[in-house]
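Q: need coordinates for the below:
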Amino acid sequence: NDIAENALRRAALWDEVKDRLGKNALGLSGGQQQRLVIARALAIEPDILLMDEPASSLDPRSTSRIEDLMHELTPGVTIVIVTHNLQQAGRVGDYTAFLSSDPDDNDDNGPVVGRLVEFGTTKKIFSGPDDKRTEDYVTGRFG
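A: Numbering: from 1, shown residues only. The predicted structure follows:
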């Protein structure tokens, strides 16, 4: 019980769910469900959290709560997010990696594979990237 309460508190959810702990989580809002997923991960005291589109399909208020939570957790947990939301990446990221899918160089008809195009501080990636493909993406010229 202590582990669950601590994880729910760290995920900024305890006060909202403490009176309904035995009820189905499907009765929670989308934002609450997302924070519950984070609480479940935090229960094992990870060093790193990998979040894939952590605020997709959430309203702006719930998105803001998730982003605030990420900032609160980062002193003790490294968070890696995957997102297509450039604004969110700019708000929450200390570092940004831009990946693109290009055909394999060895075969014109080969499989599409992910390629790391550029990595750097979020400020650098968004204000002065070194690679034209990165610049095209962050300025909305493609993607």
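Q: the residue lying closest to residue 25 once chain neighbours are set aside and residue 90: what is the separation?
A: When the adjacent residues along the chain are set aside, residue 25 lies closest to residue 36, with 5.7 Å between them (C-beta to C-beta, 6 or more residues apart in numbering). Where you see a C-beta, it was placed from the backbone N, CA and C, and this is true even at glycine. Computed as C-beta to C-beta, to the nearest Å, the residue 36 to residue 90 distance reads 27 Å.
Q: of those two, which one has the most company?
A: The neighbour comparison of residue 36 against residue 90 (other C-beta atoms under 10 Å) goes to residue 36, with 18 against 15.
Q: now the host helix or strand of the residue nearest to residue 25, how far from the centre of its chain.
A: Using DSSP states H and E, residue 36 sits in helix 30-42. Taking the mean of its C-alpha atoms, helix 30-42 sits 13 Å from the chain's own mean (C-alpha atoms, centre = their mean, to the nearest Å).
Q: how about the worst-scoring helix or strand of the chain on mean pLDDT, which residues are buried there?
A: Of all regular secondary-structure elements in the chain, judged by mean pLDDT, DSSP states H and E, the least confident is strand 95-103 with a mean of 87. If you call a residue buried by 16 or more other C-beta atoms under 10 Å, then strand 95-103 has these buried ones: 96, 98, 100.
Q: show me what secondary structure element comes after it.
A: As the chain continues past strand 95-103, the following element, by DSSP H and E, is strand 112-121.
Q: can you list contacts of the next helix or strand after that following strand?
A: Using DSSP H and E, the helix or strand that directly follows strand 112-121 along the chain is helix 122-127. Under the criterion C-beta atoms under 8 Å, 6 or more residues apart in numbering, residues 86, 89-90, 93-96, 98, 118-119, 134, 138 lie in contact with helix 122-127.
Q: ok, residue 4 to residue 118 distance?
A: Distance, residue 4 to residue 118, using C-beta to C-beta: 41 Å.
Q: then residue 52?
A: Taking C-beta to C-beta as the measure, residue 52 falls 21 Å from residue 118.
Q: more neighbours, these two?
A: Between residue 52 and residue 118, counting by other C-beta under 10 Å, residue 118 is the more crowded of the two (19 against 9).
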